[in-house]
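Student: Build the 3D model from these lines:
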Amino acid sequence: MRWAVGVFLVVMFMISVIPPVSGQYLTFTTPNSIEVVRGDYSTGTLSLTNAGGLSFKIVSYQGFWVEDSSGNIVPGFILVVNPRIFTAWASHKTYTMSYNISAARTVPSGLYTLHMKFWAFTNDNTMYIVKASVPVKVVAGALQFGVARAYVRERPGSSYALNGETIVVFSHVLNRGHHSVSITASVTFGNVSASYFKDVQNLTMVPGDNLVRFSIPVGYEVPPGVYTLDYTLSYPDGSYTYSKHFGVKFGVSLVALSLESTTVKVNQENHAYLTLLSERDITLNLTVLAYRGSRLSVNESRPVRVHGGTDVIAVSLPIQVPGSITSRILLSYDGREIVSREVSYSVFAPLTIDNLSYVAGSSGKVVFTLQILNPDAAPVNGTLVYKVYSGSTVISRDSVRATFIPGVTSMRVTLRLPVGKEISYEFNLLSLGGISTKRGSLYIHPPIPTATSSPTPSTTSAPVSNSTSALPPKRGGTSSLLVAVVILLLICIGVAFYYFSKREGPKKRKRSKPKRHSPLGRFKRPKMPMFKESRELPKKK
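Tutor: So this is what the prediction gives:
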């Protein structure tokens, strides 16, 4: 009973002390908003303005609550403000208070409203309840990804990269939280058929601004084409993806190709001129391949320097081999073909006197035989000019025009020349602006007179008989025959003697073969039994 009386007295005292409260709600307005990362906290300041027409001598902060867009109270927030008490807050006056608000990890990301409650007392001690509402945005992750950019480091602003250059991609990442966050950053460069570059890194984003950057080398093995750069940043609470297309070129292209001449002679100079447009300074390998038909006849290489802008390269073409030539001109770098073109031209070689021989008769008739070589693949017209002279006197001079087919052609020139003189000759073959010469000399001997025999008397036969007498006498031939017969007879006797001596000689005694013994040892055949015969029995026959 005493406890109930005590409680009643305390309540009555408090009612008498508490000033009268107005039932009207007033508001403090603010232009500010709050953003906080769930699982983290956010700090800042709020500017509160007394929007009502009343002036307060004391304003006291009492508490807060947070509502979602449907007006439901959402737990998981903690708010600390400073200061909590304000004095002399006149109408339309603004005060600033700092705050520290945190959101639990369980709070879903989204838009909320923070409601703060104040008690405000006027000069006559009337208390009003004042409310301030502040928009609050809860974000799921602490990281805010900036827009990425990619460019060619050597030529910023270019939409394509040259082989050997580098593409750079970068972006800024803002960590709005107060703890470091780990992310996975990756970049790839390629097309649908191949990937030429890939890099993956695990990075730590500290609170504040962070820079993420990758360098992508465009190697010389990357063929010309259009490629895609893919750049990705990711962590459990979000991700960011950026893509950009880049063209890739080598930077050296052929503008024009011209040929100095389509028809040349052997060992004359012939050139092809390459006009190149280059975006770089680089040393290339120049290769010239010459084909005669399907057979490779020349393979030559040398380095050439290409400068930025327009370059003209003079290429010496092979002309050592006659015929129809196809030359392939290659520009390459480190084994990679940059430019490849073909030119065709014809190389002609003049006719040559491959061999010269002659046959001279005692009557002065001389036949010259010339072997004419045409190394070209087509018939060639030529003129054979010859001159025969003795001393300073020209004996014969003439020229012959002819068409010579490919290969070797025989040509004969028949002349009648004086006998018993030293003769000089010169043959010149003119064709395709060239000349082939053969020179020499010959001497035709006069005929040797034949000896004539006159009738001789019979007495002159004696010496002949003497020359023949030096031969062996006639009977000598008979004795030789007799000696041969005797030798043949002796040979026959020797053969007969050898034959008969072989037949009548003592024969070799042959050893008799051993008798076969029974495997049972010695066995003596039993004798037939003997029976005494009786006289009455017939005798055995």
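Student: I'd like the distance from stretch 38-50 to the chain centre, please.
Tutor: From the chain centre to the centre of stretch 38-50 is a distance of 64 Å (C-alpha atoms, centre = their mean, to the nearest Å).
Student: Can you list the buried residues in that stretch?
Tutor: Across stretch 38-50, burial judged by 16 or more other C-beta atoms under 10 Å covers 38-40, 42, 46, 48-50. C-beta: built from backbone N, CA, C; applies to glycine.
Student: Just the ones of these in helices?
Tutor: Assignment to helices by DSSP state H places none of these there.
Student: I'd like the residues you listed as JSON lines, with pLDDT and distance to residue 95 appended.
Tutor: Below are these laid out as JSON lines (pLDDT from 0 to 100; distance: C-beta to C-beta, whole Å):
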{"residue": "38", "pLDDT": "92", "distance to residue 95": "29"}
{"residue": "39", "pLDDT": "91", "distance to residue 95": "31"}
{"residue": "40", "pLDDT": "93", "distance to residue 95": "27"}
{"residue": "42", "pLDDT": "94", "distance to residue 95": "20"}
{"residue": "46", "pLDDT": "96", "distance to residue 95": "9"}
{"residue": "48", "pLDDT": "96", "distance to residue 95": "5"}
{"residue": "49", "pLDDT": "95", "distance to residue 95": "8"}
{"residue": "50", "pLDDT": "94", "distance to residue 95": "8"}
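Student: which of the residues you listed sit farthest apart?
Tutor: 39 and 50 (35.3 Å; C-beta to C-beta).
Student: same for the helix or strand containing residue 215, what does it pack against?
Tutor: Element membership for residue 215 (DSSP states H and E) is strand 208-217. Applying 3 or more C-beta pairs under 8 Å, 6 or more residues apart in numbering; DSSP states H and E, we find strand 208-217 packed against strand 166-175, strand 181-190, strand 195-205, strand 225-235.
Student: Adding mean neighbour count, distance to residue 444 and mean pLDDT as columns, could you present those in CSV?
Tutor: Formatted as CSV, the helices and strands packed on strand 208-217 follow (neighbours: other C-beta atoms under 10 Å; distance: least, C-beta to C-beta, whole Å; pLDDT from 0 to 100):
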stretch, mean neighbour count, distance to residue 444, mean pLDDT
strand 166-175, 18, 88, 97
strand 181-190, 19, 89, 97
strand 195-205, 13, 86, 96
strand 225-235, 18, 82, 97
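Student: what would those strands look like in CSV with distance to residue 286?
Tutor: CSV is the format used below for the helices and strands packed on strand 208-217 (distance: least, C-beta to C-beta, whole Å):
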stretch, distance to residue 286
strand 166-175, 28
strand 181-190, 31
strand 195-205, 28
strand 225-235, 25
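Student: what about those, which gets the closest to residue 291?
Tutor: Closest among the helices and strands packed on strand 208-217, using C-beta to C-beta: strand 225-235, at 31.1 Å.
Student: Run through who's touching the closest one.
Tutor: Contacts to strand 225-235, defined as C-beta atoms under 8 Å, 6 or more residues apart in numbering, come from residues 141, 143, 145, 148, 150, 167, 169, 171, 173, 181-191, 196, 212, 214, 216, 239-248.
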